[in-house]
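Student: A structural model of the following input is requested.
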Amino acid sequence: MTTMAHHEHPVTRAIAAARETFAAVAEVPLWPIGADQATAALDELLKHEAQQAS
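Tutor: From the prediction side, this is the model:
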């Protein structure tokens, strides 16, 4: 993982951290995820989408 650049603004830091977090799991296979975890992951994505829309 690359070292995160120094970001002054909290929003910039949050976006950079989210990008790095998603990059860290981009190659993780989803087939072993259980139904409960898959539901929770989809629920979190829907919450994120709704938050971005408002």
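Student: Please count neighbours and contacts with C-alpha atoms only from this point.
Tutor: Noted.
Student: Please determine how far residue 43 is located from residue 17.
Tutor: Applying C-alpha to C-alpha, to the nearest Å, the value for residue 43 to residue 17 is 20 Å.
Student: Longest helix in this protein, by number of residues?
Tutor: helix 35-53 (DSSP state H).
Student: Give the buried residues for that helix.
Tutor: Neighbour counts over helix 35-53 (16 or more other C-alpha atoms under 10 Å) mark no residue as buried.
Student: Could you shift the numbering so residue one becomes 898, and keep it that way?
Tutor: In the new numbering, first residue 898, that becomes helix 932-950.
Student: Pull the CA coordinates from stretch 908-915 and hand them back as CSV.
Tutor: Provided in CSV are the C-alpha atoms of stretch 908-915 (Å, rounded to 0.1, in the frame of the first residue of the first chain):
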residue,chain,number,x,y,z
VAL,A,908,-12.8,15.8,3.7
THR,A,909,-9.7,15.3,1.6
ARG,A,910,-8.3,13.0,4.2
ALA,A,911,-11.5,11.0,4.3
ILE,A,912,-11.7,10.6,0.5
ALA,A,913,-8.0,9.5,0.3
ALA,A,914,-8.5,7.0,3.2
ALA,A,915,-11.6,5.5,1.6
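Student: Show me how far it is from its chain's centre.
Tutor: 10 Å (C-alpha atoms, centre = their mean, to the nearest Å).
Student: Many thanks, have a good one.
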